[in-house]
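1. Following is a predicted model, sequence given first.
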Amino acid sequence: MMEDILLIDAAERFAKGEMSHEEKIYFEDLRKNNAELDQAVVEQIFFLNQLEDYSTTTNFKALLNEVEDNLIKEKFIVKPSVASKGMIVQLWNKYKKTIAVAASIAGIVSLFIATVVSNSTKGDKNINLLVGKLNDQEIKTRRIENKLNLLEAAAPIIIKPKLDAKFRATGFMIDVTNNYVVTNAHVIKEASHNLIIENIKGDQFTANAVYVNIANDIAILKITDSSFKKLSALPYSIRKSGVELGEQIFMLGYPKQEIVYGEGYVSAKNGYRMDTVFCQLSTSANEGNSGSPVITKNGDLVGIITSTETNAAGVVFAIKSANIFPAIDEVKKLKNNEKIKISSSPALKGLDRVSQVKKMENYVFMIKGN
Amino acid sequence: MSSIEHDRYLLEGLAAQNKATVEQLYKEHYKMVQSMVVNNNGSADDAADVFQEMMIVLYQKVKPGNFELQCQLKTFVYSVARRLWLKKLQQQQRFSSDSDHLEDIVNVEEEVEYHIKKQDEFTIMDIAMSKIGEPCKSLLQAYYLEKKHMNEIAAFFGYTNADNAKTQKYKCLVRLKKLFFAQYKNEE
């Protein structure tokens, strides 16, 4: 570490021309006689140039946006206006363009992504939000805009016995102490008023969105309902590393009013060129499967179902489970370092599939809202 | 002022990220780019994106300070925007290759390819930046993006002196570098 710091300091001053004449000669001499050091300096200078480019480009982009906004105000640039909506929807709209491109094999084929949130209101224009133009540049933008959107102030939810739900999706428990549930960010944006979760028995509980990361399409909900009975330790563990090609997986979700089991395998380690947030599965998923947990036979939770490719059957994209951890870290920060521990028991290991599903189904919820 | 002088004046302003110049460039060329995009299967939003990207390409050209425009700025702007838009259309398969029609304008293939490479690098850095966490991210941004002085940074982040802030900055830089190269070397 110390040597790294010395090297950075030297390389930075060297690159900026801040070294004294003598120091410069000494430094160049060192580089000449030590190939390893020279290599490190070359790398360091390259890196500093990259950082410099990054900084100027970021500043320039901000300038472009500022000018563009002004010209829109002056009505010199006319864009179709977005109707005023709730905060979540606005946030969504802000990022939808970049999310719509969540999957493309850039430059080769363009894919159209359909989210797997089931909308019971037909013709709801929100459902089109994820069906969009896809291209290489925009995928990058999506990642560039990897900003965290914290929605702590999400509106308090009123308990309504029979919620007239507008959509249905899936979520699963990650912390039994604080009752945190993970689902997709694009699920949450469907809820402009109420959000509830429903367990396998059909009991409904109110929930709040505590964290939404639109770029990675992850949201964390907290079950706020006092009538919710705490569950025992998670039967699955959440994998921190990636997935293996060919790994057999199964999933549980709510593509209809009852829980549905599905299975398949990992068909690609990454979702898209350059994008490591996602992986690709060969299985089937339907509307309502968004947010479904993807589990291996040993009880490792490895992914969260997000979307399907509409013009290629059986291609399903899932967020890798490793992305859950940074989300939890953000929640911790938000909640003044609340202790969130993902404690799990190896309850699924070695069981047959029927027993595994039985153990799991209490931890998988239907997410509904309007 | 001749149009050549006018263009050169604008490019100098652009290199300095002058806001008035950027606005002037929008005023002079936006409508042209917009109609090109809109008349070729694009929306108003697409046009705004293409224009911004074209501006970045142009900025990358003028920033080193040795760019000599070989044609009217307008022609260059149009060529780059067109090339960028065609690339997007091809990626979306909304359009077949149009290379036959490209011969009548300036060849900007190289510029656009360079831009794409730079954009990849930008993305990698951006991801690395988003992964280092706080206070590293804010600290590095304050120093490298906002060009704040170390004394100012020390005061803002609550370090007792500039040297402490500097040490912290180095540590952050080491982390950022690791994250950056982990991804960068993957890409190659």
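-> Good, I have the coordinates.

2. OK, contacts around residue 165?
-> Picking chain A for this. A:Ser120, A:Ile196, A:Lys368, A:Gly369, A:Asn370 (CB atoms under 8 Å, 6 or more residues apart in numbering or on different chains). (C-beta placed from N, C-alpha, C; glycine too.)

3. Wait, chain B was what I had in mind.
-> So B:Ala165 contacts B:Leu139, B:Met150, B:Ile153, B:Ala154, B:Phe157, B:Tyr159 (CB under 8 Å, 6+ apart).

4. Okay, and which of the residues you listed map to helices?
-> Among the contacts of B:Ala165, the residues falling in helices (DSSP state H) are B:Leu139, B:Met150, B:Ile153, B:Ala154, B:Phe157.

5. which residue packs closest to A:Gly262, ignoring adjacent ones?
-> A:Met251 (5.1 Å; CB to CB, 6 or more residues apart in numbering or on different chains).

6. Could you look up the SS state of the one you found?
-> strand (DSSP: H, G, I helix; E, B strand; the rest coil).

7. who does it bridge with?
-> A:Gly262, A:Val294 (DSSP bridges).

8. I'd like the distance between it and chain B.
-> In this structure, A:Met251 and chain B are 28 Å apart, going by CB to the nearest CB, to the nearest Å.

9. domain assignment for chain B?
-> B:3-107, B:115-187 (automatic domain parsing).

10. Report the distance from the shortest one to the chain centre.
-> The one in question is domain B:115-187. Put simply, domain B:115-187 sits 19 Å off its chain's centre (CA atoms, centre = their mean, to the nearest Å).

11. so can I have JSON lines of the domains of chain B showing mean pLDDT?
-> What follows is those, written out as JSON lines (pLDDT from 0 to 100):
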{"stretch": "domain B:3-107", "mean pLDDT": "83"}
{"stretch": "domain B:115-187", "mean pLDDT": "85"}
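
12. what would the ones you listed look like in a markdown table with distance to A:Glu287?
-> Shown next, in a markdown table, are these (distance: least, CB to CB, whole Å):
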| stretch | distance to A:Glu287 |
| --- | --- |
| domain B:3-107 | 24 |
| domain B:115-187 | 31 |
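
13. what helix or strand does the spatially most central residue of chain B sit in?
-> For chain B, the residue nearest the mean C-alpha position is B:Ile56 (3.6 Å; CA atoms, centre = their mean). Element membership for B:Ile56, per DSSP states H and E: helix B:44-62.

14. How about B:Thr167?
-> Per DSSP H and E, B:Thr167 falls inside helix B:162-187.

15. related to what we said a few turns ago, now do the same contact list for the residue nearest to A:Gly262.
-> Contacts of A:Met251 by CB under 8 Å, 6+ apart are A:Tyr261, A:Gly262, A:Glu263, A:Gly264, A:Thr283, A:Ala285, A:Asn289, A:Ser292, A:Pro293, A:Val294, A:Ile295, A:Ile305.

16. Tell me how many other residues surround the first one.
-> By that I understand A:Tyr261. By other CB atoms under 10 Å in any protein chain shown, the residues close to A:Tyr261 number 14.

17. Also the fourth one?
-> Each residue near A:Gly264 was counted by other CB under 10 Å, and the total is 18.

18. So which residues make contact with the helix or strand hosting it?
-> Using DSSP H and E, A:Gly264 maps to strand A:260-268. Strand A:260-268 has contacts (CB under 8 Å, 6+ apart) with A:243-254, A:279-285, A:289, A:302, A:314-316, A:357.

19. gap between the residue nearest to A:Gly262 and A:Ala165?
-> Here the distance between A:Met251 and A:Ala165 works out to 22 Å (CB to CB, to the nearest Å).

20. before we move on, back to that, could you list the buried residues of the strand holding A:Gly264?
-> Using 16 or more other CB atoms under 10 Å in any protein chain shown as the test for burial, strand A:260-268 gives A:Val260, A:Gly262, A:Gly264, A:Val266, A:Ser267.

21. do stretch A:238-257 as well
-> By neighbour count on 16+ other CB under 10 Å, the buried set for stretch A:238-257 is A:Ile238, A:Arg239, A:Gly242, A:Val243, A:Glu247, A:Ile249, A:Phe250, A:Met251, A:Leu252, A:Gly253, A:Tyr254, A:Pro255.

22. ok, the fourth one - contacts?
-> By that I understand A:Val243. Contacts of A:Val243 by CB under 8 Å, 6+ apart are A:Val266, A:Lys269, A:Cys279, A:Val302, A:Gly303, A:Lys320.

23. in the stretch 51-200 of chain A, what spans have low per-residue confidence?
-> Counting by pLDDT under 70, the stretch 51-200 of chain A has low-confidence residues at A:80-164.

24. So is the helix or strand containing A:Ile319 next to chain B?
-> Following DSSP H and E, one finds A:Ile319 within strand A:315-320. No: interface with chain B: strand A:315-320 contributes nothing (CB under 8 Å from any CB of the partner chain), its closest point being 14.4 Å away.

25. Domain map for chain A?
-> A:2-59, A:87-144, A:237-322+A:345-369.

26. Serialize the ones you listed to CSV and add fields for distance to B:Leu25.
-> Shown next, in CSV, are those (distance: least, CB to CB, whole Å):
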stretch, distance to B:Leu25
domain A:2-59, 17
domain A:87-144, 20
domain A:237-322+A:345-369, 30
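
27. quick one on the thing from earlier: closest one of the contacts of A:Ala165 to A:Glu52?
-> A:Gly369 (45.7 Å; CB to CB).

28. Let me see the contact set for that closest one.
-> Residues in contact with A:Gly369 (CB under 8 Å, 6+ apart) are A:Leu163, A:Ala165, A:Lys166, A:Phe167, A:Glu190, A:Ala191, A:His193, A:Asn194, A:Leu195, A:Ile196.

29. Double-check the fourth one against A:Val187; I have them as touching.
-> I take that to be A:Phe167. Yes: at 7.4 Å, A:Phe167 and A:Val187 qualify as touching, with contact defined as CB atoms under 8 Å.

30. who's more crowded, these two?
-> Taking other CB under 10 Å, A:Phe167 and A:Val187 do not tie; A:Val187 has more neighbours (29 against 23).

31. Quick check: which element contains that one?
-> Assigned by DSSP H and E, A:Val187 belongs to helix A:185-188.

32. residue ranges with poor pLDDT in the stretch 201-350 of chain A?
-> Within the stretch 201-350 of chain A, the ranges that satisfy pLDDT under 70 run A:272-274, A:310-311, A:337.

33. just to revisit the earlier point, quick check: buried residues in the helix holding B:Thr167?
-> Neighbour counts over helix B:162-187 (16+ other CB under 10 Å) mark B:162, B:165-166, B:168-177, B:179-181, B:183-184 as buried.

34. I'd say B:Phe122 and A:Tyr54 touch.
-> Yes: at 5.9 Å, B:Phe122 counts as touching A:Tyr54 under the criterion of CB under 8 Å.
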